[in-house]
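Trainee: no sequence for this one, just the structure:
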């Protein structure tokens with residue numbers, strides 16, 4: 001934390017800047033202090049939180065990219081001492097994040113009974129996906145050019161549907177559309193009137209409408225003006241990479257590199273400037289196999305993705321907060337620091353590791369503890385015989401603690417192609433691994 005503390009100190013030092021530069025410097029200092037208070041709340045460091053609030057009381061209701069406050073963070077983890085300090089400084093006990101969760105809803109979801117009692121004693125209410133929030137009026141999602149892809153729900157056949165996934169707001173079903181097997185994300189009817197749920201649904205549809213690439217799951221259409229809200233994509237028969245690795249274990253270097261190339265191609269497309277799409281939740285469950293032969297992969301699930309308009313290639317986006325899945329999460333996200341598209345590169349490295357090692361990174365840790373371990377500077381130990389020196393070097397660079405030291409996906413593609421040229425074919429794998 002010393003580097004961030006020093007950065008914050010530098011920003012607030014007595015410099016001779018004025019005008020727009022001074023305003024920018026103030027904004028940067030504010031962002032750094034916001035990251036700091038969220039991080040200290042996350043770490044249950046009540047003394048550090050109090051020190052920051054003594055310097056700037058407005059930080060008590062600081063917001064990250066997902067509108068989460070320090071009280072949300074403390075409530076989720078049950079850090080009562082931190083919450084008491086925040087409440088003492090006037091924290092909004094019923095602040096709502098982008099999912100409309102209040103701190104009490106988070107505490108209830110995490111079964112933090114002491115925190116629940118504290119928040120209720122200060123007037124805390126339970127709203128959000130863990131609580132009892134309902135919007136009185138439905139909000140019609142104003143999506144452009146709907147006629148091109150709006151699907152009549154009567155065309156969908158759920159007669160022999162099978163549930164193939166489940167999420168915060170709904171489920172994913174295998175169904176049929178005009179005789180073709182499709183994957184349908186169905187928003188729970190009880191949430192179909194919630195403004196924030198509709199906003200997130202509309203956001204995902206708007207992203208997918210723009211995306212077309214051989215290594216990205218193809219968007220087919222959506223139901224946006226009737227309940228339940230539905231998002232329809234192609235159905236991939238091979239299942240997800242998580243299940244495949246669970247069944248197969250360690251992959252041969254050639255198979256792992258071929259898989260990595262498919263993932264990197266999809267991400268290189270998403271990261272294309274000036275409109276960059278950051279996936280933010282890249283993990284084996286969100287990488288799908290086209291068929292049972294497992295010869296082709298596609299990246300899917302854009303529920304947490306963000307479309308960012310980049311002015312220059314060195315932009316760092318003002319996005320903070322724990323977004324995505326802990327085991328594959330970049331340290332800057334876990335630490336509530338600003339981050340950019342290189343968070344996907346970090347997650348890619350963890351997937352590459354899992355393919356060549358045959359087990360998830362830090363498999364003996366719970367996901368949250370694994371992310372904390374990574375944020376403290378630790379990395380998985382590379383033992384797999386499939387790691388050639390070049391693959392090892394690439395993986396280490398991709399999971400670098402410094403964002404700007406991680407290669408871009410275009411560079412990753414070039415290096416993987418060279419690595420592939422020098423790998424033995426699969427039928428020589430037993431010789432390579434002996």
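Mentor: Good, I have the coordinates. All values derive from a computational prediction rather than experimental measurement. Numbering: from 1, shown residues only.

Trainee: Show me the shaky parts of this protein.
Mentor: Within the chain, the stretches with pLDDT under 70 are 1-31, 65, 127-147, 167-168, 303-324, 426-434.

Trainee: Would you agree residue 82 is in contact with residue 45?
Mentor: Yes. Using C-beta atoms under 8 Å, residue 82 is in contact with residue 45, at 7.5 Å. Any C-beta I mention is one placed from the backbone N, CA and C, and that applies to glycine too.

Trainee: quick one: buried residues of stretch 79-86?
Mentor: 79-80, 82-83, 85-86 (16 or more other C-beta atoms under 10 Å).

Trainee: Return the distance of it from the chain's centre.
Mentor: 27 Å (C-alpha atoms, centre = their mean, to the nearest Å).

Trainee: Neighbours of residue 192, how many?
Mentor: The number of residues packed near residue 192 is 19, by other C-beta atoms under 10 Å.

Trainee: And residue 164, its phi and psi?
Mentor: phi -120, psi 0 (degrees, to the nearest 10).

Trainee: State the distance from it to residue 205.
Mentor: 20 Å (C-beta to C-beta, to the nearest Å).

Trainee: Also residue 186?
Mentor: 14 Å.

Trainee: for residue 56, same thing?
Mentor: Taken as C-beta to C-beta, the span from residue 56 to residue 205 is 39 Å.

Trainee: more crowded one of these two?
Mentor: Higher neighbour count among residue 56 and residue 205: residue 205, with 21 against 15, using other C-beta under 10 Å.

Trainee: name the element the more buried one belongs to?
Mentor: helix 195-210 (DSSP states H and E).

Trainee: Just the buried residues of that helix, please?
Mentor: 196-198, 200-205, 207-209.

Trainee: Give the other helices and strands that it contacts.
Mentor: With contacts taken as 3 or more C-beta pairs under 8 Å, 6 or more residues apart in numbering; DSSP states H and E, helix 195-210 sits against strand 219-223, strand 230-234, strand 275-278, strand 306-309.

Trainee: To residue 259, which of these lies closest?
Mentor: strand 230-234 (18.8 Å; C-beta to C-beta).

Trainee: name the helices or strands packed onto the closest one?
Mentor: strand 180-187, helix 195-210, strand 219-223.

Trainee: and the angle for that strand with strand 180-187?
Mentor: 150 degrees (axes from the mean of the first three to the mean of the last three C-alpha atoms, to 10 degrees).

Trainee: which residues touch strand 230-234?
Mentor: By C-beta atoms under 8 Å, 6 or more residues apart in numbering, the surrounding residues in contact with strand 230-234 are 151, 153, 156, 177, 182-187, 201, 204-205, 208, 217-223, 300.

Trainee: Let's see that with 6 Å instead.
Mentor: For strand 230-234, the external contacting residues (C-beta atoms under 6 Å, 6 or more residues apart in numbering) are 182-186, 217-223.

Trainee: which one of those is nearest residue 424?
Mentor: residue 217 (31.5 Å).

Trainee: after the helix or strand residue 35 falls within, next one along is what?
Mentor: For residue 35, the host element (DSSP H and E) is helix 19-42. For helix 19-42, the following helix or strand on the C-terminal side (DSSP H and E) is helix 46-55.

Trainee: Give me the helices and strands touching that following helix, please.
Mentor: Contact here means 3 or more C-beta pairs under 6 Å, 6 or more residues apart in numbering; DSSP states H and E; on that basis helix 46-55 packs against helix 19-42, helix 80-88.

Trainee: Give the buried residues for it.
Mentor: Neighbour-count burial for helix 46-55 [16+ other C-beta under 10 Å]: 46, 48-50, 52-53.

Trainee: Kindly reformat the residues you listed as a markdown table containing distance to residue 260.
Mentor: Shown next, in a markdown table, are the buried residues of helix 46-55 (distance: C-beta to C-beta, whole Å):
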| residue | distance to residue 260 |
| --- | --- |
| 46 | 43 |
| 48 | 40 |
| 49 | 41 |
| 50 | 46 |
| 52 | 41 |
| 53 | 45 |
